[in-house]
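J.: Test case, fold it:
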Amino acid sequence: MSEHPIVAALKRPQALQRLSSREWEWLIGHARAAQLLARLAVAIERANCFDEIPPGPRRHLDWARRQWLAQRRTLPWDVDIIGSALAGIDTPIVLLKGTAYQMAGLPPAAGRTYTDIDIMVRRDRLDAVEAALGQHGWASDKVDAYDQHYYRTWMHELPPLHHVFRHTVLDVHHTIAPPTARHRVEAAPLFAAARKLELRGNFYVLGPADMVLHSITHLVQEGEFEHGLRDLMDVGDLLGHFGREPAFWPDLLARAERHGLGRPLYYAAHQARNFLGTEFPPDFAAAIERFRPDGLTRRVMAAVLSAGLAGEERHGAGGFARFCRWLLYVRGHYLRMPLRLLIPHLVRKSFRRGAEA
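T.: Sure, this is the predicted structure:
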């Protein structure tokens, strides 16, 4: 497949000075929609060609870069507040996703903005964690009884918490996939392999293989593909970083088997190779073939995932991409909940949207 325009811009920022005004307008708009504008700004800055960008696009890029820098400055403060709130509770605090990337100094953090902070704690400490956070200004705005039941019974996290003064959003998980999901992930192995951070407080990040698999799970099974290209780049960055250690690749295979995430690993690896040019050791590339689905499923999923990831960010792909993203959205819900729960849930959501319209 031809190289995605945003991927090409990130790989070769020096070539951007040749873009026309119309091409810049397209690139800025679609990079922003994919939550990759700040990453593009950082790539241009690191290539020492920021001053060569035309004034109009440069203003948008500079704004995105400043927003990212502001988040990078404030995140350690928010993490410290969380650590202080949970200091008296006997649980590791495992940072997840964008929060983990920044606090652990990992490559995906460069230019990556976020909308919430994600942590994972032991399930048997959830009540104590929620009470402690409440005493330090964190509260749920999900007042509907059904929403509370949905999160607390079926999901792998508490309802989102908002800080009353800092206005940040905190998601508190107890594992990385819903207990109702087709691919359930037991929390105990995640905590056992987690790595301690040199921060004040009991903070950890997932082990390398588990961190990659969590990113893959979020990408392939969540069903929200508006930022799918950014999430795929997270996977590519993590594979490139951790993959420098030969022991990482067999561990990734073993952890995928243990967590039941072999099929998502197969899909993500192939998309990373197609979109990003990610290279894999020959032994690993051969080994993931055991997770390959049958011929028809493989071809359909390859086409739908490729279109969903490319989205409207690829010229002329709008209508088909929107349809594929809708299919992936439905598939994501189906993977997270059995039909006996999913159908009433979606019906309820549809009626609620109609009442709010």
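
J.: all helices of the stretch 201-350 of the chain, in order?
T.: 208-221, 228-242, 248-259, 262-276, 282-287, 295-310, 318-336, 339-356 (DSSP state H, counting those that start in this stretch).

J.: SS state for Leu170?
T.: Following DSSP: H, G, I helix; E, B strand; the rest coil, Leu170 is assigned to strand.

J.: Looking at this structure, which helix is longest?
T.: helix 55-85 (DSSP state H).

J.: Thought Gln102 was touching Arg72, still the case?
T.: Yes. Look at Arg72 against Gln102 with CB atoms under 8 Å: they come within range, at 6.4 Å. (Each C-beta comes from the backbone N, C-alpha and C, glycine too.)

J.: which non-adjacent residue is nearest Thr168?
T.: Nearest residue to Thr168, sequence neighbours excluded (CB to CB, 6 or more residues apart in numbering): Asp78, at 5.4 Å.

J.: which residues touch His270?
T.: Ala302 (CB atoms under 8 Å, 6 or more residues apart in numbering).

J.: Need the overlap of contacts for Arg72 and Gln102.
T.: Ala109.

J.: distance of the closest residue in space to Arg230 that isn't next to it in sequence from Phe248?
T.: Excluding the flanking residues, the one nearest Arg230 by CB to CB, 6+ apart is Gln35, at 4.9 Å. Gln35 sits 27 Å away from Phe248, going by CB to CB, to the nearest Å.

J.: thinking again about what came up before, partners of the helix or strand just after the longest helix of the chain, with directions?
T.: Proceeding N to C from helix 55-85, the next assigned helix or strand is strand 93-96, under DSSP states H and E. If you go by DSSP bridges, strand 93-96 pairs up with strand 117-120 (antiparallel), strand 203-205 (parallel).

J.: Now strand 93-96: average pLDDT?
T.: On average, the pLDDT along strand 93-96 is 98.

J.: can you list contacts of the very next helix or strand once past that strand?
T.: Scanning forward in sequence from strand 93-96 by DSSP H and E, the next helix or strand is helix 97-103. With contact meaning CB under 8 Å, 6+ apart, helix 97-103 is reached by 72, 75-76, 79, 94-95, 106-109, 112-114, 117-119, 197, 199, 203, 205-206, 211, 214-215, 218, 234.

J.: same thing with stretch 156-171?
T.: 78, 81-82, 115-119, 126, 130, 133, 137-142, 147-148, 151-152, 172-179.

J.: same thing but at 7 Å, please
T.: 78, 115-118, 126, 130, 133, 137-142, 147-148, 151, 172-179 (CB atoms under 7 Å, 6 or more residues apart in numbering).

J.: Tell me who's in contact with the residue nearest to Thr168.
T.: So Asp78 contacts 117, 166, 168 (CB under 7 Å, 6+ apart).

J.: what about the last one, distance to Gly88?
T.: Spelled out, that is Thr168. With CB to CB as the criterion, Thr168 and Gly88 are 22 Å apart.

J.: So which of these two has more stuff around it?
T.: Thr168 (21 against 8; other CB atoms under 10 Å).

J.: What backbone torsions are found at the more buried one?
T.: Backbone torsions of Thr168, given as degrees, to the nearest 10, read phi -90, psi 160.

J.: His173 now?
T.: Phi and psi for His173, reported as degrees, to the nearest 10, are phi -100, psi 160.

J.: Return the distance of it relative to Pro76.
T.: 20 Å.

J.: now do His259
T.: 30 Å.

J.: same deal with Leu61?
T.: For Leu61, the distance to Pro76 - CB to CB - is 25 Å.

J.: And for Val330?
T.: 39 Å.

J.: more crowded one of Arg72 and Gln102?
T.: Gln102 (20 against 16).

J.: Excluding residues flanking it in the chain, which one is nearest Trp68?
T.: Ala38 (3.9 Å).

J.: was I right about that neighbour contacting Gln67?
T.: Yes. Using CB atoms under 7 Å, Ala38 makes contact with Gln67 at a distance of 6.4 Å.
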